[in-house]
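Student: just to be clear, the model below is a prediction. Sequence and coordinates:
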2 protein chains.
Amino acid sequence: MSKVTCDMGVSVDGYVAGLGQSLDTPFGEGVGDRLHEWMFQQPEENAEVITEITNAGAFIMGRNMFGPDRGDWDLDWTGWWGEEPPYHAPVFVLAHRPRESFALKGGTTFHFVTGGIEDALARAREAAGERSVSIAGGAHTVNQYMAAGLIDELRLHVAPVVLGRGERLFEGVGDVSLEQVSVQSTSLVTHVTYRPAR
Amino acid sequence: MSKVTCDMGVSVDGYVAGLGQSLDTPFGEGVGDRLHEWMFQQPEENAEVITEITNAGAFIMGRNMFGPDRGDWDLDWTGWWGEEPPYHAPVFVLAHRPRESFALKGGTTFHFVTGGIEDALARAREAAGERSVSIAGGAHTVNQYMAAGLIDELRLHVAPVVLGRGERLFEGVGDVSLEQVSVQSTSLVTHVTYRPAR
C-alpha cells in the first residue's frame, strides 16, 4: 500500500504559516518566502529534498491551501500554482462543498472531496497505486492526519526563522510518538524526517 | 567579553517543559526524562555536546529552574542537583527576594540576583572572565534574554517527542533573526546551533 508522506516547511518556533493569509500573503502577513528561502536560494544543495517533495503519486490538501476564498466556490480560481502546477499528479482537496474536478497542464488534476480525510486518503491511495501519497498541507490538514495516525513519514524542513504566531504544526495531535529517521542540513535549513506512530 | 550561550532541550513542537511542574515532576506532568533521553541513553554518542553544555564560567537561571517553591525562600532547598551540582561554577539565580549566597561541593556557588536580567548577566560575565556565560533556563528566562538580544549562541537539542502543551521557547521574543550555524544528530536528538540577532 502507498506510503503516506508529509513535507512541511516550518519555523523554528513551530509555525508553518503566519496569520492573515490572503491572496497577497499566502503564507500570512510578513512571512513571504521566509520559510522557503532554502528552496529559492539553495536549489542545488537541496535538490534531492526538493525533488522528493513532489515525488508522489497523489496529493491531499486542505481547502485553505488550495485557495484564499471561503464559502461558495469561485470557479475562476484554479489554485495558486498557475497553468502548470508542480504536482503533476491528482490532487485531492478537502472541501465542504462539492465541485467538479478539473485538469491543468502537466498532469495535475484537482478533485474535491467532501467525505472527510479518510475518504480523501482512500481515493488518493487508489490514484497513487504503488507510489506514495503526500499530505501537502496546511497545518490543520496535516494535524488531522497525524492525529488519526495516518502519516508514515513526516519530513520537516526547519528554517532559521522565528514567526511568533500563526498556524502551528502538531496542535491537537494528541499522544503521537515519533521516531527520528534521518537528519540533513544546508546553511538555510535543517531537514528532519520522523516516523510518527500512535 | 564572554560569549553568552544557551542550551535547551526542546520537544519537536517547541516546548522545553510541560505543565504542572512540581517537586516530583520538575519537567511537568508526564514529561519525566522524555526530552533528555539522548543524554541518558546515548551519553557516548553525545559526549561532546554534553560536555559543552556545562562548559561555562558562570550560569544564569530563573527561580523556577532553581526550585519548585514560590514566595519566601525555603532555606533548606539548595537546588535540584544534590550535594555536588553539575555546574562547578557560579550560578546566578534571578529572584524577586534576596537570599544569601551559598556554596556546594565541586565549585558550584548559588547567588541570588534581584536586579534583573542585565544585572545578572553583568555579574555572571565578571565571574566567568574569558569563559562563556550560559543561560541555563527555563523558557521564560531564556526568552527574556533572547528578546533583549543578549544570547550569542542558542543550541537547541530537539527530541523526537510531541508534548502538546507546556512552556514554549521563543514565546514573546519578538523580531529575532537567526543564523543557522551547525547541525548534528544521533538517533534520539537533533542538535542545531543558531546565532540570534536583533
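Tutor: Perfect, I can see it now. Quick caveat, the model's predicted, so the values are computed rather than measured.
Student: tell me the secondary structure at the spatially most central residue of chain A.
Tutor: Geometric centre of chain A, nearest residue: residue A:136, 2.0 Å, by CA atoms, centre = their mean. With DSSP: H, G, I helix; E, B strand; the rest coil as the basis, residue A:136 sits in strand.
Student: hang on, isn't it packed against residue A:58?
Tutor: No. Judged on CB atoms under 8 Å, residue A:136 makes no contact with residue A:58 at a distance of 10.0 Å. No exception for glycine: its C-beta is placed from N, CA and C like everyone else's.
Student: between these two, which contacts overlap?
Tutor: residue A:91 (CB atoms under 8 Å, 6 or more residues apart in numbering or on different chains).
Student: for the top helix by length along chain A, packing partners?
Tutor: With secondary structure taken from DSSP state H, chain A has its longest helix at helix A:117-128. Applying 3 or more CB pairs under 8 Å, 6 or more residues apart in numbering or on different chains; DSSP states H and E, one finds that helix A:117-128 contacts strand A:58-62, strand A:90-94, strand A:109-113, strand A:133-137, helix A:139-147.
Student: and that helix with helix A:139-147, angle?
Tutor: 90 degrees (axes from the mean of the first three to the mean of the last three CA atoms, to 10 degrees).
Student: any idea which of the helices and strands packed on helix A:117-128 is most buried?
Tutor: strand A:133-137 (a mean of 27; mean count of other CB atoms under 10 Å in any protein chain shown).
Student: so what touches that strand?
Tutor: Contacts of strand A:133-137 (CB under 8 Å, 6+ apart): A:2-8, A:16, A:53-54, A:56-62, A:65, A:87, A:91, A:121, A:124-125, A:141-142, A:145, A:151.
Student: beta partners for the closest residue to residue A:56 other than its chain neighbours?
Tutor: Nearest residue to residue A:56, sequence neighbours excluded (CB to CB, 6 or more residues apart in numbering or on different chains): residue A:134, at 3.7 Å. Note on residue A:134: beta-bridge partners residue A:5, residue A:59, judged by DSSP bridges.
Student: on that earlier part again, okay, the helices and strands packed on helix A:117-128 in TSV with mean pLDDT next?
Tutor: Listed next are the helices and strands packed on helix A:117-128 as TSV, based on pLDDT from 0 to 100:
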stretch	mean pLDDT
strand A:58-62	97
strand A:90-94	98
strand A:109-113	98
strand A:133-137	97
helix A:139-147	97
